[in-house]
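> Sequence and predicted structure below; questions after.
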Amino acid sequence: MDSIKGQEGIQMLLAAEQEAQKIISDARNMKTQRLRQAREEAEEEIAHYRSYLEEEHLKKISETSGSSGSNVRRLEEETKIKIQNLKNSASRVSPELIGLLNKYATTVRN
């Protein structure tokens, strides 16, 4: 009788040990699953943040390049106007300058 009770006690201990191992195994699996889920959520959040930063960067680039494009156009216009003013001034002074050069070139000094 004692050996039967001992066998039952051993069987109960083995069953309890197996149940404890199953609980521990399930807990480890759940922990692993939660870690995977947390990593996936973090990667998703990182991707969203990265795309937001890239969007902001491209927006700033387009803003600054747009203004530099208008600066280039403005500078080109100013340069054309200055060149035209110089040509006009040169054409007004040109006859006087040619006359002066002819006078000095044809005048003989002793």
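Cool, the structure landed.
> Any idea how many residues pack against Ala38?
When neighbours are defined as other Cβ atoms under 10 Å, Ala38 has 10 of them. The C-beta positions use only the backbone N, C-alpha and C, and glycine is treated the same way.
> tell me which element it falls in.
helix 2-106 (DSSP states H and E).
> Tell me how far that helix lies from the chain's centre.
Relative to its parent chain, helix 2-106 has a centroid offset of 2 Å by Cα atoms, centre = their mean, to the nearest Å.
> Tell me the helices and strands packed up against it.
Contacting helix 2-106 under the criterion 3 or more Cβ pairs under 8 Å, 6 or more residues apart in numbering; DSSP states H and E is no other helix or strand.
> For that helix, give the mean pLDDT please.
Rounded to a whole number, the mean pLDDT of helix 2-106 is 89.
> Centre-most residue in the chain?
Central residue of the chain (Cα atoms, centre = their mean): Glu54, 3.8 Å from the mean position.
> And Gln37, how far from Tyr52?
Note on Gln37: its distance to Tyr52, by Cβ to Cβ, to the nearest Å, is 23 Å.
> Revised request: answer the last question for Ala105.
As judged by Cβ to Cβ, Ala105 and Tyr52 stand 75 Å apart.
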